[in-house]
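A structural model of the following input is requested.
(one chain, ligands or ions: 1)
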Amino acid sequence: MFSSTSFNSTNYHIMHYSSFLSMSHSKTMSSSNLTSSSSSSFSSSLSSPFFIPIDLAYSSMNYFQGLFYMPADVQMLEIILALMVFIVIHSLRQRKKQGLPNWPVVGMLPSLIVGLQGDMYEWISGVICRQNGTFIFKGPWFTNLNCVVTSDPRNLEYLLKTKFSNFPKGEYFRNTVRDLLGDGIFSADDEIWHRQRKTASLEFHSAKFRKLTTDSLLELVHSRLLPVLEDSVKQSLPVDLQDVLLRLTFDNVCMIAFGVDPGCLRPGLPEIPFARAFEDATEATIMRFVTPTLVWKAMRCLNIGTEKKLRDSIMEVDKFAEQVIRTRKKELALQSENEKQRSDILTVFMGSKDEQGRPFLDKILRDICVNFILAGRDTSSVALSWFFWLLNKNPDVEDRILAEISQILSDRKDEKDKVQDLDNVIFKPEEVKKMEYLQAAISEALRLHPSVPVDHKEVLEDDVFPDGTVLKKGTKVIYAIYTMGRMEGIWGKDCREYKPERWLRDGRFMSESAYKFTAFNGGPRLCLGKDFAYYQMKFAAASILLRYKVKVVEGHPVTPKMALTMYMKYGLKVKLSRRDDRHKYFKLKE
Ligand code: HEM
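A predicted model of the protein is given here:
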């Protein structure tokens with residue numbers, strides 16, 4: 001009777017369920033009973049959204065009548081089986097309404113676990129798109145895993161700007177990251193956040209700070225990055241470009257935060273204890289987000305597993321921070337006001353006051369620096385890694401970048417600046433600014449592979465999103481930045497294509513709304529390092545592309561790693577070769 005009808009997957013389960021009941025009835029009922037029961041379940045399955053409860057109730061009545069004629073153990077087994085089938089079908093039917101099957105006790109966790117096995121970000125994007133931009137994840141009963149996941153730009157604007165004060169980072173986040181981040185800018189809310197933001201913001205926009213960042217980057221690219229890459233060319237060896245870039249930005253951000261160069265990008269790529277400890281501490285902190293709070297707290301008390309690793313690595317980070325703070329204090333004490341030239345974050349905060357007008361305590365100074373390192377450590381390098389991977393697949397984009405660089409260099413007016421040897425070219429800050437197509441190509445890479453793929457907030461008071469989603473006090477809200485880059489409703493039908501041109505109007509780079517392109521966050525908590533990050537990425541990318549062709553090693557697997565930052569899980573193995581076709585793009589001085 002079912003074979004003549006075509007079913008979608010949900011109906012297939014319905015059919016299965018009815019067949020099962022038919023089979024059980026056949027043991028106990030007359031054939032006429034069997035026929036009426038089965039056909040009623042079939043017709044209601046097509047017409048009524050309440051099919052399952054009605055059908056089950058009806059069938060169960062007949063079913064229980066039949067029980068009197070059955071041996072007790074068979075009866076029990078059948079009840080259990082019927083119940084299980086009901087639960088399975090009911091839970092699977094939730095997929096259509098709620099995005100994922102919602103099971104008793106474990107909620108949507110099984111689907112999440114399955115989703116985590118593959119490309120987690122693609123999986124979550126599929127679920128969100130099916131739910132038109134907002135999806136409510138139901139975790140296991142009695143856990144704190146329930147949350148609202150959204151990628152609707154209207155909700156993002158509401159969350160990050162309109163009702164900013166109702167969506168803090170929250171206690172859950174702070175308690176989870178406190179051991180590593182303390183009260184630094186990343187995890188703080190309210191006054192503590194505001195004070196740090198104000199001081200840091202003034203500093204980030206000062207000429208002194210700009211000079212520090214451009215000088216330190218120039219030094220690192222020319223005396224560390226390029227020699228390391230040149231070595232790999234000479235030895236004809238592949239190199240993990242992601243690892244090299246991570247070292248570059250780690251050294252760079254430590255110079256900005258602490259005013260100290262840890263030397264990760266020295267020849268031979270040494271392992272630096274502070275860098276290793278920082279990496280380990282971040283990874284162990286992330287583990288807390290996927291471990292029930294009671295469990296990680298117990299592990300912390302017992303000092304075992306990832307919690308032991310966290311404690312050990314934080315001790316190493318603290319040792320480094322304390323030593324830098326102590327040395328800087330001594331150094332500043334010996335200098336006169338006029339000599340105080342340093343403009344790193346640590347020195348600036350040492351000269352500022354907290355919200356009560358007192359100097360910042362050493363512990364807060366440590367927290368501030370550690371937070372800045374975390375913020376600027378790997379976001380740019382990871383973005384650059386995806387950018388080089390995309391270039392490899394889009395040689396026409398690479399051609400356009402080189403044409404732009406060539407134009408900029410040939411526009412040099414000053415005779416002594418004219419390029420005689422491309423290997424000696426050092427881009428000037430105003431030239432980097434003019435690289436509009438490169439900025440578009442990097443933004444497009446960030447749109448498809450945002451360095452921070454998901455971010456989160458907590459609801460302070462009951463609220464409602466512009467799309468109608470009801471938010472109860474204490475709910476966790478996750479905004480899926482990765483998904484936003486892949487939504488047709490935001491970017492159009494070609495949203496999955498790498499097209500830097502979408503950022504250009506009459507050849508000039510045009511920024512997008514922060515609630516549509518949220519790679520740098522938006523509203524009052526917009527990334528403080530955004531301008532510097534663009535400068536850093538453009539300077540490093542242009543300096544590499546001018547000298548080398550970057551080819552991803554054939555067969556090298558490229559897939560995102562599940563972490564707070566979107567690293568490539570297996571790094572980016574590339575083979576570099578000298579750009580011997582430079583004459584195509586660059587006209588040298590005669
Ligand atoms: C491609 C590069 C970068 C991207 C995509 C990026 C992205 C972001 C995002 C998404 C946030 C919000 C995080 C949150 O509130 O949970 C953020 C905050 C922040 N970023 Fe960046 N960032 C980049 C580079 C940098 C750099 C190089 C620095 C510093 C040198 C920096 C400093 C900060 C700071 C201090 C905050 C905290 C702002 C606040 O909470 O008020 N970022 N960034």
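
for whichever residue of the chain sits closest to the ligand, what are its contacts?
Here the chain gets closest to the ligand at one residue, residue 529, 2.1 Å apart by Cβ to the nearest ligand atom. (Glycine included, C-beta is placed from N, CA and C.) Applying Cβ atoms under 8 Å, 6 or more residues apart in numbering to residue 529 gives the contacts 204, 375, 376, 379.

just the pLDDT for residue 425.
For residue 425, the model assigns a pLDDT of 92.

tell me which parts of the stretch 301-450 of the chain are close to the ligand?
372, 375, 376, 379, 380, 383 (Cβ under 6 Å from any ligand atom).

where's residue 82 relative to residue 75, distance?
Per Cβ to Cβ, to the nearest Å, residue 82 is found 11 Å from residue 75.

do residue 199 as well
Remark: distance between residue 199 and residue 75 (Cβ to Cβ) = 73 Å.

more neighbours: which of these two?
For residue 199 versus residue 75, neighbours defined as other Cβ atoms under 10 Å are more numerous around residue 199 (20 against 17).

does the more buried one touch residue 348 like I think?
Yes. Under the criterion of Cβ atoms under 8 Å, residue 199 makes contact with residue 348 at 6.8 Å.

tell me the pLDDT of the residue nearest the centre of the chain.
In the chain, the C-alpha closest to the average C-alpha coordinate belongs to residue 453, at a distance of 2.3 Å (Cα atoms, centre = their mean). Note on residue 453: pLDDT of 95.

grab the nearest non-local neighbour of it.
residue 482 (3.9 Å; Cβ to Cβ, 6 or more residues apart in numbering).

same check on residue 233?
Take residue 233 and drop its neighbours on the chain: the residue closest to it by Cβ to Cβ, 6+ apart is residue 576, 5.1 Å away.

ok so the one you found is a strand residue?
Yes. Counting by DSSP: H, G, I helix; E, B strand; the rest coil, residue 576 is found in a strand.

which strand residues bridge it?
Beta-bridge partners for residue 576, by DSSP bridges, are residue 550.

so what's the residue count around it?
Applying other Cβ under 10 Å, we find 21 other residues in the vicinity of residue 576.

got a list of what it touches?
Residues in contact with residue 576 (Cβ under 8 Å, 6+ apart) are 229, 232, 233, 239, 548, 549, 550, 551.

assumed the second one was part of a helix.
Yes. Using three-state DSSP, the assignment for residue 232 is a helix.

contact partners for it?
238, 239, 576.

what's in contact with stretch 357-371?
Stretch 357-371 has contacts (Cβ under 8 Å, 6+ apart) with 180-187, 196, 257-258, 317-318, 321-322, 324-325, 345-346, 349-350, 352-354.

among those, which ones are in helices?
When helices are assigned by DSSP state H, the members of the contacts of stretch 357-371 inside them are 180-181, 196, 257, 317-318, 321-322, 324-325, 345-346, 349-350.

report the buried members of these.
The neighbour-count test (16 or more other Cβ atoms under 10 Å) marks 180, 181, 196, 257, 317, 321, 324, 325, 345, 346, 349, 350 as buried among those.

need those residues in CSV with pLDDT and distance to residue 127, can you?
As requested, these are arranged in CSV below (pLDDT from 0 to 100; distance: Cβ to Cβ, whole Å):
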residue, pLDDT, distance to residue 127
180, 93, 30
181, 93, 30
196, 91, 36
257, 88, 37
317, 92, 36
321, 90, 41
324, 89, 45
325, 91, 46
345, 89, 39
346, 90, 43
349, 89, 42
350, 89, 47
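
and the two most separated of those residues?
Greatest spatial distance in these: 180 and 350, 21.6 Å, computed using Cβ to Cβ.

quick one: mean pLDDT for stretch 518-538?
97.

partner strands of the helix or strand residue 135 falls within, parallel or antiparallel?
Using DSSP states H and E, residue 135 falls within strand 134-137. Partners of strand 134-137 in the sheet, by DSSP bridges, are strand 147-150 (antiparallel).

just for this structure, where's the confidence low?
The model of the chain has pLDDT under 70 over residues 1-72, 90-92, 336-340, 587-590.

interface residues of this structure facing the ligand?
With Cβ under 6 Å from any ligand atom as the criterion, the chain meets the ligand at residues 185-186, 197, 253, 256, 372, 375-376, 379-380, 383, 451-452, 455, 519-521, 525, 527-529, 532-533.

neighbours around residue 185, how many?
Neighbour tally, residue 185, other Cβ under 10 Å: 23.

I'd guessed it sits against residue 197; true?
Yes. Counting by Cβ under 8 Å, residue 185 touches residue 197, with 6.3 Å between them.

any common contacting residues for those two?
With Cβ under 8 Å, 6+ apart as the test, residue 185 and residue 197 both reach residue 528.

list the buried residues of stretch 353-368.
Those would be 354, 360, 364, 365, 366, 367, 368, for stretch 353-368 by 16+ other Cβ under 10 Å.

oh sorry, the question was meant for stretch 419-430
Quick answer for stretch 419-430 (16+ other Cβ under 10 Å): 419, 422, 425, 427.

likewise stretch 277-288?
Result for stretch 277-288 [16+ other Cβ under 10 Å]: buried residues 277, 278, 280, 281, 282, 284, 285, 286, 288.

which ones are touching the third one?
Counting by Cβ under 8 Å, 6+ apart, residue 280 touches 309, 310, 312, 313.

just the last one next, same as before
When contacts are counted by Cβ under 8 Å, 6+ apart, residue 288 touches 176, 177, 296.

for the second one, grab the count of nearby residues.
One way to gauge burial is a neighbour count; for residue 177, by other Cβ under 10 Å, it gives 22.

same check on the last one?
The number of residues packed around residue 296, counting by other Cβ under 10 Å, is 21.

likewise residue 570?
Neighbour count for residue 570, taken as other Cβ under 10 Å: 13.

gap between it and residue 242?
Taking Cβ to Cβ, one finds residue 570 at 9 Å from residue 242.

ok, residue 420 next?
Distance from residue 420 to residue 242, by Cβ to Cβ: 33 Å.

next one: residue 385
Relative to residue 242, and taking Cβ to Cβ, residue 385 is found at 4 Å.

next one: residue 430
Noted for residue 430: a distance of 30 Å to residue 242, by Cβ to Cβ.

contacts for stretch 484-492 next, please.
Residues outside stretch 484-492 that contact it (Cβ under 8 Å, 6+ apart): 125, 129, 133, 151, 153, 156, 447-450, 495-496, 502, 516-518.

keeping just the C-alphas, turn that stretch into PDB.
Output in PDB follows, covering the C-alpha atoms of stretch 484-492 (Å, rounded to 0.1, in the frame of the first residue of the first chain):
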ATOM      1  CA  MET A 484      27.400  35.500   7.200                       C
ATOM      2  CA  GLY A 485      30.000  35.400   4.400                       C
ATOM      3  CA  ARG A 486      28.100  32.600   2.800                       C
ATOM      4  CA  MET A 487      24.600  33.900   2.800                       C
ATOM      5  CA  GLU A 488      23.000  34.700  -0.500                       C
ATOM      6  CA  GLY A 489      20.600  37.100   1.200                       C
ATOM      7  CA  ILE A 490      23.600  39.200   2.300                       C
ATOM      8  CA  TRP A 491      26.100  38.800  -0.600                       C
ATOM      9  CA  GLY A 492      24.100  37.600  -3.500                       C
END
